[in-house]
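Colleague: Here's a sequence, model it:
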Amino acid sequence: QVQLVESGGGLVQAGGSLRLSCAASGGTFSRYAMGWFRLAPGKEREFLAYISRRGGITNYADSVKGRFTISRDDAKTTVYLQLNNLKPEDTAVYCCAARSWHGSQNFHDYDYGGQGTQVTVSS
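Modeller: Below is the predicted model:
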């Protein structure tokens with residue numbers, strides 16, 4: 001059983017930056033591809049990015065490409081999401097997910113998910 005705990009969210013002005021972290025425990029972190037998703041009120045869950053088990057492959061949604069960067073530190077069993085040039089429409093709960101296979105843009109392909117961290121971007 002893998003537990004995922006996100007942190008790093010908060011209130012930021014438009015154009016600002018945040019770095020989200022997702023700390024994993026209870027499993028062999030290096031065996032999991034990791035993904036980030038977000039859920040905003042009244043909207044469907046949205047894929048943001050994933051990173052492969054060894055970190056050699058990353059994939060981004062068009063809506064965040066060039067602004068968000070995913071990375072992982074297997075020694076710290078943590079995956080990160082750097083958010084730059086934030087916009088009010090980025091306001092959402094951001095959660096990470098783990099999959100014991102290749103990364104996927106479909107949240108339901110993942111084996112574990114975290115509770116999320118709130119990101120609020122003011123205009």
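Colleague: hey, let's count contacts and neighbours off CA atoms from now on
Modeller: Will do.
Colleague: And the strands in the chain, which stretches?
Modeller: 3-7, 10-13, 18-25, 33-39, 46-51, 58-60, 68-73, 78-83, 92-99, 112-113, 117-122 (DSSP state E).
Colleague: pLDDT (mean, whole number) over the last one?
Modeller: Spelled out, it's strand 117-122. Averaging pLDDT along strand 117-122 yields 98.
Colleague: What is it packed up against?
Modeller: If you count contacts as 3 or more Cα pairs under 8 Å, 6 or more residues apart in numbering; DSSP states H and E, strand 117-122 packs onto strand 10-13, strand 92-99.
Colleague: Could you give me the buried positions within the first one?
Modeller: What it means is strand 10-13. Residues of strand 10-13 classed as buried by neighbour count (16 or more other Cα atoms under 10 Å): residue 12.
Colleague: Format the helices and strands packed on strand 117-122 as a markdown table; extra columns: mean pLDDT.
Modeller: Below are these laid out as a markdown table (pLDDT from 0 to 100):
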| stretch | mean pLDDT |
| --- | --- |
| strand 10-13 | 98 |
| strand 92-99 | 98 |
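Colleague: Out of these, which gets nearest to residue 52?
Modeller: Set against residue 52 and scored by Cα to Cα, those come closest in strand 92-99, at 9.4 Å.
Colleague: and the spatially most central residue of the chain, bridged to which residues?
Modeller: In the chain, the residue lying closest to the centroid (Cα atoms, centre = their mean) is residue 36, at 2.5 Å. Beta-bridge partners recorded for residue 36 (DSSP bridges): residue 49, residue 96.
Colleague: OK, contacts around it?
Modeller: Contacts for residue 36 (Cα atoms under 8 Å, 6 or more residues apart in numbering) come out as 47-50, 81, 94-97.
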